[in-house]
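K.L.:
all I have is the shape, not the residue letters:
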Ligand code: HEC
């Protein structure tokens, strides 16, 4: 009986702790705003900050232009967007941006956006 009480107590004490720990390691100390994940509010600013230097219309490295909604949707549909930022199978050597992986919050934003059907 005492064992059950103690395990229950431990569960109650540590479950919320684990939850918050995970959230912090996933998103860092600051919070990740996953509301209103649209192209114009979340994805375009991310691409302008992290990708456009190499993938603009004028300078489309590897032929990849990420400067408009239609272009980004095209790479979302082909899974190249998710493949390169997450290094999915087939993209192991093509991490984008090449300098270092996006943080988990930005990767989540792309995942959520794709799951929602890539709203403009
Ligand atoms: C420093 C320049 C640079 C930045 C910044 C950059 N890329 Fe790239 N990108 C490249 C190069 C170089 C290639 C060609 C890589 C190869 O084929 O090995 C490429 C290829 C790609 C491809 C095509 C991959 C394929 O072969 O299927 C996609 C999609 C892509 N980048 C998306 C992105 C995204 C999304 C970002 C921002 C998160 C980004 N890139 C940031 C240089 C860059």
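P.N.:
Okay, I see it. Since the model is a prediction, treat every value here as computed from it, not as a measurement.

K.L.:
by mean pLDDT, flag the weakest helix or strand of the chain.
P.N.:
In the chain, no helix or strand scores lower on mean pLDDT, DSSP states H and E than helix 2-27, which sits at a mean of 51.

K.L.:
pick out the residue nearest the middle of this structure.
P.N.:
Closest to where the C-alpha atoms of the chain average out (C-alpha atoms, centre = their mean) is residue 107, at 1.0 Å.

K.L.:
these two touch, right, that residue and residue 87?
P.N.:
No. With contact defined as C-beta atoms under 8 Å, residue 107 does not reach residue 87; the gap is 10.5 Å. C-beta: built from backbone N, CA, C; applies to glycine.

K.L.:
what is in contact with those two at once?
P.N.:
Taking C-beta atoms under 8 Å, 6 or more residues apart in numbering as the contact rule, residue 107 and residue 87 both touch residue 101.

K.L.:
can you list contacts of the helix or strand just after the least confident helix or strand of the chain?
P.N.:
Note on helix 2-27: by DSSP states H and E, the next helix or strand toward the C-terminus is helix 44-50. Residues from elsewhere that reach helix 44-50 (C-beta under 8 Å, 6+ apart): 55, 66, 69, 72, 97, 102, 106, 109-110.
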